[in-house]
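Chemist: I'll drop the sequence and a predicted model, then ask my questions.
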Amino acid sequence: MAKSRFFVVFLAAGLIILFLTLLIVGRFAITVADLGSMLDAFFSGRAVAGDLVTKQLVFWWIRLPRTLMAILVGMGLSVSGAVYQALFRNPLVSPDILGVAAGCTFGAALGLVLPGQNYSLIPLLSLSFGLLAVTMTVVIARLISVKPVIVLVLAGMVILSFFNALLMVLKYFSDPYEELPSIVFWIMGSLSRVTWHDLMILAPTVVIGLIFFMAMRFRLNILSLGDIQAKSLGLNPSLFRLVLIFISSLIVALTVASCGQICWIGLIIPHMARTLVGPDHQRMLPVTALLGAIFLLGADGLARSLSTAEIPVGIITALSGAPIFAFLLYKNRGSGWV
């Protein structure tokens, strides 16, 4: 317990330092003195002048909501991944196993190719098809009702393939000069489109979901033992599994609708947390949330700083996630994940 508390305090301090650093570091430099002047002007109600006008716009309307969104998305995806892995008792499960991400991506692509190109329609369609995908997965699993956990994963693979096929159809018939590049860029994932409006939509769901998951940490330990053990301890595994799947899928759907697909976080971050503090969800989930926020915040900082043209953050997470996962496999060889 003392070890997990140390990691929580250490990671929380690291997250705060990284957050403050990325507020002032970037292609458009904002010094500490500039930041102090802007905050003083904000709280005193007076206007700024000169170069501070542009810096204030960059800080309040681009950099601050973007860094906050990176923290929320990192926490949401990583904790959702840990919940999925506990529910399915499988360390290779990630948040898109039930087809949520594939449904969201298809919905966003559909919004990009529909006539009129109403940008507000894109996240709405993305969220709707993401929730539709997980609903279809659960309905198929309930209809079969044999070995529910295994069937749920297999049904998720069916829905995942189905929506991926629909996405390929959209790509094939889309305009190769305008619509197709937009679809490809959306799939890569990026935080460059984030606004305060997107943040206000995502924040309540992620925060409430994280609080709920933290409150359910002990029950996640029980559910990870299997249905027979959970029932013997007075838990209704089917009900709790459906509730946890719905909340985690809603978080994933909202993040994909806001930022596109950002891979690997929901898969590797729970493994990193297990390596640090063990498989007990009461200790692992807080560490998972902090690690996920730090990982995506750092990846987004690299995405907007490595070159003059911003790199989609999904590329950074994929390039860094694969070697990290390979290292974790090597480090934990022979010891098991749970």
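Modeler: Yes, it's here.

Chemist: List the contacts of Gly45.
Modeler: For Gly45, the contact set (Cβ atoms under 8 Å, 6 or more residues apart in numbering) is empty. Glycine gets a C-beta too; all of them are placed from N, C-alpha and C.

Chemist: Kindly report the same for the one 10 residues further on.
Modeler: When contacts are counted by Cβ under 8 Å, 6+ apart, Lys55 is found next to 28, 30, 34, 38.

Chemist: Please repeat the previous calculation with a cut-off of 7 Å.
Modeler: Under the criterion of Cβ atoms under 7 Å, 6 or more residues apart in numbering, the contact list for Lys55 reads 30, 34, 38.

Chemist: Including neighbour count, pLDDT and secondary structure, could those residues go into CSV?
Modeler: Shown next, in CSV, are the contacts of Lys55 (neighbours: other Cβ atoms under 10 Å; pLDDT from 0 to 100; DSSP: H, G, I helix; E, B strand; the rest coil):
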residue, neighbour count, pLDDT, secondary structure
Ile30, 18, 81, coil
Asp34, 17, 79, helix
Met38, 18, 78, helix
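
Chemist: ok, those residues vs Phe10, which is closest?
Modeler: Ile30 (27.0 Å; Cβ to Cβ).

Chemist: Now do the closest one against Gly260, distance only.
Modeler: 26 Å (Cβ to Cβ, to the nearest Å).

Chemist: what does Ser192 give?
Modeler: For Ser192, the distance to Gly260 - Cβ to Cβ - is 10 Å.

Chemist: the more surrounded of these two?
Modeler: Gly260 (23 against 14; other Cβ atoms under 10 Å).

Chemist: Excluding chain neighbours, what is closest to the more buried one?
Modeler: Leaving aside its chain neighbours, Gly260 sits nearest to Gly189 (4.0 Å; criterion: Cβ to Cβ, 6 or more residues apart in numbering).

Chemist: Any stretches of the chain with poor pLDDT?
Modeler: Along the chain, the model assigns pLDDT under 70 to residues 1, 49-50, 116-118, 146-148, 333-338.

Chemist: Find the centremost residue of it, please.
Modeler: Leu77 (2.9 Å; Cα atoms, centre = their mean).

Chemist: re earlier: list the contacts of the residue nearest to Gly260.
Modeler: 259-262, 312-314.

Chemist: need these in TSV with distance to Ile269, can you?
Modeler: Below are the contacts of Gly189 laid out as TSV (distance: Cβ to Cβ, whole Å):
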residue	distance to Ile269
Cys259	16
Gly260	18
Gln261	16
Ile262	12
Pro312	19
Val313	15
Gly314	15
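
Chemist: Which element, helix or strand, includes Thr308?
Modeler: Under the criterion of DSSP states H and E, Thr308 resides outside all helices and strands.

Chemist: For it, give its distance to Leu125.
Modeler: Counting by Cβ to Cβ - Thr308 and Leu125 are separated by 32 Å.

Chemist: Have a look at those two and say which one is more surrounded.
Modeler: Leu125 (21 against 5).

Chemist: give me every residue that touches that one.
Modeler: Neighbours of Leu125 in contact, by Cβ under 7 Å, 6+ apart: 107-108, 110-111.

Chemist: let's go with 10 Å and repeat that
Modeler: Neighbour list for Leu125: 103-104, 106-112, 114, 118, 257 [criterion: Cβ atoms under 10 Å, 6 or more residues apart in numbering].

Chemist: Just confirm Val53 contacts Ala47, I think it does.
Modeler: Yes. Proximity of Val53 to Ala47 meets the contact threshold set by Cβ atoms under 10 Å, at 8.4 Å.

Chemist: which parts of stretch 281-300 are buried?
Modeler: 281, 283-300 (16 or more other Cβ atoms under 10 Å).

Chemist: how about it as PDB, C-alpha atoms only?
Modeler: Extracted C-alpha coordinates of stretch 281-300, given in PDB (Å, rounded to 0.1, in the frame of the first residue of the first chain):
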ATOM      1  CA  HIS A 281      -7.500  -2.800  -8.900                       C
ATOM      2  CA  GLN A 282      -7.700  -0.800  -5.700                       C
ATOM      3  CA  ARG A 283      -4.100   0.200  -6.100                       C
ATOM      4  CA  MET A 284      -3.800  -0.100  -9.900                       C
ATOM      5  CA  LEU A 285      -6.700   2.100 -11.200                       C
ATOM      6  CA  PRO A 286      -5.400   5.400  -9.700                       C
ATOM      7  CA  VAL A 287      -1.900   4.700 -11.100                       C
ATOM      8  CA  THR A 288      -3.400   3.700 -14.500                       C
ATOM      9  CA  ALA A 289      -5.300   7.000 -14.700                       C
ATOM     10  CA  LEU A 290      -2.200   9.100 -13.900                       C
ATOM     11  CA  LEU A 291       0.000   7.100 -16.300                       C
ATOM     12  CA  GLY A 292      -2.600   7.500 -19.100                       C
ATOM     13  CA  ALA A 293      -2.800  11.200 -18.600                       C
ATOM     14  CA  ILE A 294       1.000  11.600 -18.500                       C
ATOM     15  CA  PHE A 295       1.500   9.400 -21.600                       C
ATOM     16  CA  LEU A 296      -1.100  11.200 -23.800                       C
ATOM     17  CA  LEU A 297       0.000  14.600 -22.500                       C
ATOM     18  CA  GLY A 298       3.600  13.900 -23.400                       C
ATOM     19  CA  ALA A 299       2.600  12.400 -26.800                       C
ATOM     20  CA  ASP A 300       0.600  15.500 -27.600                       C
END
